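Undergrad: how would this look folded up:
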Amino acid sequence: MGPEHPHYETIQQVNRQMQRMWVTWGLIPLGLAFMLQVIMSLLRPGSGVTGPEQLALGFKGVMAAGAALFLIGFWLDGRWTEAQRLAKAIYRAAGGNGHKPTRRELAEYADLAMESLMLSVKALTIIGLLIGLAAVLAAAAGLQFGYSIQMLLLALAFQLFIYSRHPYYREVMLAALNGELEVEDKKKR
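TA: Sure thing, here's the model as predicted:
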C-alpha cells in the first residue's frame, strides 16, 4: 500500500500509535523490570536456607501466574480481533438485518473494528506489564536470579507476541476501511 492509497495516512497513523505504545508501555518497562530485577537480586540474593521444595513451589507459583496472564492475553486478543466477529459487528451496525449493506456502508463503521483492535492492543500491553511486574516480584521475594529471569523471558516472549500481531491488525483495519470485512456465508461452507 503506497501513499496514493486513500487510507494510507490512517493506517500509518494507527501503525505509529501501536508501535509507540509497544515501545513505551512494553519494551521500556521490560527494560526497567530487568534493571529492578538485577538490583533486587543483588540486594536480596536467593538464600540457601530455603529448601528445594519451597523454592520450587515459589517458582511454580510465579510462573503459573505469568503463564495464566499470557494465556488470558492470547485468548482476549483472539476474541476481540477475530475478523468474523468484527465483520458481524460492522454488518449489524450498517443495517445488515434486512438487506445486504454495500461496501461503502460497511466502511462507514470501520471505527468499530479499529476500536476493538486498539482495545486489544491496550489490554495486551497491560498484561505484558503485569508479567514483567511478576518477574520483579519474584526477585523481590528472594527467588534465585535464574528463576526470576525466566519470568522476564516469558514477559519478553509476550512482548514479541504483541508485536507479531501488528501486521494482522493493520490488515484487518485496512479491510474494514475498504468495506471488505464481510460476514462469511455459512451455506458456502
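
Undergrad: OK, contacts around Ser148?
TA: With contacts taken as Cβ atoms under 8 Å, 6 or more residues apart in numbering, Ser148 has the following neighbours: 37, 40-41, 62, 135-136, 138-139. Every C-beta, even on glycine, is put in place using the N, C-alpha and C of the backbone.

Undergrad: Pull the most distant pair out of those.
TA: Using Cβ to Cβ, these span at most 14.0 Å, a distance reached by Ser41 and Val62.

Undergrad: Can you give me the neighbour number for Thr24?
TA: For Thr24, the tally of surrounding residues (other Cβ atoms under 10 Å) stands at 11.

Undergrad: ok, it to Leu30 distance?
TA: Separation of Thr24 from Leu30 (Cβ to Cβ, to the nearest Å) stands at 11 Å.

Undergrad: Longest helix in the chain, please.
TA: Scanning the chain for the helix with the most residues, using DSSP state H, yields helix 145-177.

Undergrad: Report the distance from the host helix or strand of Gly128 to the chain centre.
TA: Assessed by DSSP states H and E, Gly128 sits inside helix 110-140. Relative to the mean C-alpha coordinate of its chain, helix 110-140 is positioned 5 Å out (Cα atoms, centre = their mean, to the nearest Å).

Undergrad: one step back: for the record, mean pLDDT for the longest helix of the chain?
TA: Looking at helix 145-177 alone, the average pLDDT works out to 89.

Undergrad: ditto for stretch 126-134
TA: For stretch 126-134, mean pLDDT is 88.

Undergrad: helices and strands of this protein: which one bottoms out on pLDDT?
TA: Comparing helices and strands within the chain by mean pLDDT, DSSP states H and E singles out helix 52-81 as the least confident, with a mean of 82.

Undergrad: which secondary structure elements does it contact?
TA: helix 110-140, helix 145-177 (3 or more Cβ pairs under 8 Å, 6 or more residues apart in numbering; DSSP states H and E).
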